[in-house]
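Student: structure, please.
(chains A and B)
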2 protein chains.
Amino acid sequence: MRTQIIEAATAHFSHYGYDKTTVSDLAKAIGFSKAYIYKFFTSKQAIGEVICANCLSQIERDVDDALEGIQAPPERLRALFTVIVASSLRLFLQDRRLYEIAVAAATGDWPSVQAYKHRIRQRVEDIVQEGRAAGVFESTTPLGDTSRAVYQVLVPYLNPVTLPHVSALHAEAPEALHQLVLRSLVIPS
Amino acid sequence: MRTQIIEAATAHFSHYGYDKTTVSDLAKAIGFSKAYIYKFFTSKQAIGEVICANCLSQIERDVDDALEGIQAPPERLRALFTVIVASSLRLFLQDRRLYEIAVAAATGDWPSVQAYKHRIRQRVEDIVQEGRAAGVFESTTPLGDTSRAVYQVLVPYLNPVTLPHVSALHAEAPEALHQLVLRSLVIPS
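Tutor: This next block holds a predicted model:
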């Protein structure tokens, strides 16, 4: 049932928007009672949370697919940057209605968003660590500081509110940030 | 007269907000006729443009003051990063009402904003160029590409819409981005 409510809610929000829809509207539209919906979800945000988490999982699946089979840490970092930006642009900005959920989630720093950011930060650290272990990235700076800085460069491209403000620059030179970050990491040969 | 209208409008917007104020409201509040205001400004945005340009000029004056007397290009780059972030945080986020003008300007990419971004981009390129001339920054990459990438790292901190979403990360490690960028530029000694 939970899944059915989520599917119906996703369709409904995508048509009528998230901000202006109440749980009553939703209940009426999908043919369940409000009380029944509240048996599964404590609030509209709780439903939005699941939709948001599904969307973020899709981005991470895209990243996993892209990273699979890529061995070299510099190439893995490039794939991470490229796929996150492309996938976020597609998912956040394509559907104006679901975009409202993404904005509410990012602005309210919902738990699903916090968990997502934490995992992306960890992925960055893992790749930096792999690069150090392989001897291609410098190891003189503290791992935590350096991977946080790399993550910080990526952050504006993860967030649906900031993404529209940086996407034009990214389109101008899609490799620019990646190249800059890479030059800061790679040991000159 | 122009200046007097701007001063009165700044005070009025800062009290009542920019978005909901009309030129009629403004005229009534500051004691000029609407027709008289239209002799000087073609629209509310034209007034907002001047207020916005004044605010951006203030940031650039802060940058100039900080850069004065600093010679070494790496230190100049650090001052540029540090002062722009501090000054933007202060000016954009301190006054919630004037923040509305900044958001309208950034979202609409007003001419004053375009000109500001262009000048900051030029400042970044000048410092990268100085560093190359002084032999402290690498010169193997194309100057335009490299300075654009450095500018791109800075952009989320220039924009009042994106700034609140990246300022916590910046506060966590204020030197992180600067250090990353510097490692990408400086020739290892």
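
Student: where does pLDDT dip in chain A?
Tutor: A:189 (pLDDT under 70).

Student: now do the helices in it.
Tutor: Remark: helices assigned in chain A by DSSP state H are A:2-16, A:23-30, A:34-40, A:44-67, A:73-94, A:96-108, A:111-133, A:143-154, A:163-172, A:176-185.

Student: between helix A:73-94 and the fourth one, find me the angle.
Tutor: When you say that, I think you mean helix A:44-67. Here helix A:44-67 runs at an angle of 140 degrees relative to helix A:73-94 (axes from the mean of the first three to the mean of the last three Cα atoms, to 10 degrees).

Student: mind listing what's buried in helix A:44-67?
Tutor: By 16 or more other Cβ atoms under 10 Å in any protein chain shown, the buried positions in helix A:44-67 come out as A:44-45, A:47-53, A:55-56, A:59-60, A:62-63, A:66-67. The C-beta positions use only the backbone N, C-alpha and C, and glycine is treated the same way.

Student: output the set of residues of chain A in proximity to chain B.
Tutor: Counting by Cβ under 8 Å from any Cβ of the partner chain, the residues of chain A lying close to chain B are A:106, A:138, A:141, A:145-146, A:148-150, A:152-153, A:155-156, A:159, A:161-162, A:165-166, A:169-170, A:172-173, A:176-177, A:179-185, A:188.

Student: of those, buried ones?
Tutor: Here, 16+ other Cβ under 10 Å leaves A:106, A:138, A:141, A:146, A:148-150, A:152-153, A:155-156, A:159, A:161-162, A:165-166, A:169-170, A:176-177, A:179-185 buried among the residues of chain A next to chain B.

Student: distance of A:Val113 relative to A:Ala53?
Tutor: Using Cβ to Cβ, to the nearest Å, A:Val113 is found at 9 Å from A:Ala53.

Student: check A:Pro188 too.
Tutor: 42 Å.

Student: and what of A:Arg123?
Tutor: For A:Arg123 relative to A:Ala53 (Cβ to Cβ), the value is 17 Å.

Student: for A:Ile37, same thing?
Tutor: Taking Cβ to Cβ, one finds A:Ile37 at 18 Å from A:Ala53.

Student: same check, this time on A:Ala29
Tutor: The value you get for A:Ala29 to A:Ala53, if Cβ to Cβ is used, is 22 Å.

Student: and what of A:Glu130?
Tutor: For A:Glu130, the distance to A:Ala53 (Cβ to Cβ) stands at 27 Å.

Student: try A:Ile120
Tutor: Per Cβ to Cβ, A:Ile120 is found 14 Å from A:Ala53.

Student: please apply the same query to A:Ile6.
Tutor: According to Cβ to Cβ, A:Ile6 stands 10 Å off from A:Ala53.

Student: Serialize the helices of chain A to CSV and add fields for distance to B:Ala72.
Tutor: Converted to CSV, those look like this (distance: least, Cβ to Cβ, whole Å):
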stretch, distance to B:Ala72
helix A:2-16, 54
helix A:23-30, 60
helix A:34-40, 61
helix A:44-67, 39
helix A:73-94, 30
helix A:96-108, 38
helix A:111-133, 28
helix A:143-154, 21
helix A:163-172, 28
helix A:176-185, 19
